[in-house]
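Participant: pasting a predicted model and its sequence here:
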Amino acid sequence: TIKSENIIDNCLNSIDSDINKIIIENSSNKDFIKKIKKKYKNIQCYVTGKNLGMGAGNNFGIKKSNTRYVMILNPDTILKPNTLSQIFQISKDLDFAILSPLNDDQDFPNYKNANELKNKNALLSVDQIDGYSMILDKEQFDNNFFDEKIFMYLENDDLCLRVKKNGKKIYVYEKSLISHLGAKTVDKKYFNELEFSRNWHWNWSKFYFRKKHYGFSKAFTNGFLIFVKSILKSFFFLIINNKFKSKIYYCRASGFLNALFNKSSWYRPRLD
């Protein structure tokens, strides 16, 4: 979580109160944690002290867990009454590295490249799933979870690709459903700052991800034209006095350029 006061109650109220939960607040907001601990039971709460990013925040929570399996869940998700019971049942005796419920909105599937329907039991073998909901078998990762160099975007793609390269399994269970509100984790009053951050990190992460898995040439080839267009558009919108769009395209160009020169994903939104 980070600045998630506006949305997290819906998520927590959809989880069986007997389930153990770990909340990682990616800030110094101790008041938020105090309120959560008073309101809900079976909860451990931690503040990181700063915005670590999606992957590093997830790793923080995974290391605090003491079970073999851990479920990553974004605060802008809502479980159905039988989401967990369904997926717990199918997970018994199942060999998997990552397992996820299915997004209940058919227009936005939370997976890519479904390979097969296993034994006609609605268990899809897939290459990739979205990071807002995933159960990990920690024993299959050798303590190598999310790549903390990625602040946001493609950290789940990177994790899934590494899992598949190692010959391990990723499944989505179609009978276990989850709702994802999408981009609602942080309060909408921070819209501008979030847009700047998203545009910066999307281009940084794309270059880093492609370079890591496919080499520098592919990363450069796929990103350079977008970089040039972003520079031109930033100047154009600056000339017509549209400062918001000018900065959007500036952030896109800056994200690419920083990744190109091997700079860290340093940009952070101002959420004061």
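Facilitator: In hand now; what should we look at? Numbers count the residues shown, from 1 in each chain.
Participant: got the confidence number for residue 133?
Facilitator: Here, the pLDDT recorded for residue 133 equals 94.
Participant: and if you look at residue 182?
Facilitator: For residue 182, the model assigns a pLDDT of 73.
Participant: tell me, what residue is most central in this protein?
Facilitator: Compute the mean C-alpha point of the chain, and by CA atoms, centre = their mean the closest residue is residue 131, 4.2 Å away.
Participant: can I take it that residue 124 is in a strand?
Facilitator: Yes: counting by DSSP: H, G, I helix; E, B strand; the rest coil, residue 124 is found in a strand.
Participant: if I look at it, how far off is residue 63?
Facilitator: Look at residue 124 and residue 63: by CB to CB, to the nearest Å, they are 29 Å apart. Glycine gets a C-beta too; all of them are placed from N, C-alpha and C.
Participant: residues touching stretch 44-62, excluding its own?
Facilitator: Residues outside stretch 44-62 that contact it (CB atoms under 8 Å, 6 or more residues apart in numbering): 2, 20-30, 33, 36-37, 64, 70, 72, 131, 136, 138, 145-148, 150-152, 155, 265, 268-269, 271.
Participant: ok, now stretch 89-105?
Facilitator: Outside stretch 89-105, the residues touching it (CB under 8 Å, 6+ apart) are 69, 79-80, 83, 86-87, 109-111, 121, 123-124, 129-130, 133-137, 140-141, 159-160, 163, 166, 168-180.
Participant: and the residues you listed, which are buried?
Facilitator: 79, 83, 86-87, 110-111, 123-124, 129-130, 133-137, 141, 159-160, 163, 168-174, 176-180 (16 or more other CB atoms under 10 Å).
Participant: which members of those residues occur in strands, if any?
Facilitator: 79, 111, 123-124, 129, 133-137, 170-174, 176-180 (DSSP state E).
Participant: now do the strands in this protein.
Facilitator: For the chain, the strands defined by DSSP E cover 21-25, 43-47, 69-73, 77-79, 98-103, 111-118, 123-129, 133-137, 170-180.
Participant: now the first one: how far from the chain's centre is it?
Facilitator: In other words, strand 21-25. 15 Å (CA atoms, centre = their mean, to the nearest Å).
Participant: what sits up against that strand?
Facilitator: Applying CB under 8 Å, 6+ apart, the set of residues contacting strand 21-25 is 1-2, 8, 12, 15, 32-33, 36, 40, 42-48, 57-58, 60-61, 64-65.
Participant: which of those residues count as buried?
Facilitator: Among those, those buried by neighbour count (16+ other CB under 10 Å) are 1-2, 8, 12, 15, 32-33, 36, 40, 43, 45, 47-48, 57-58, 60-61.
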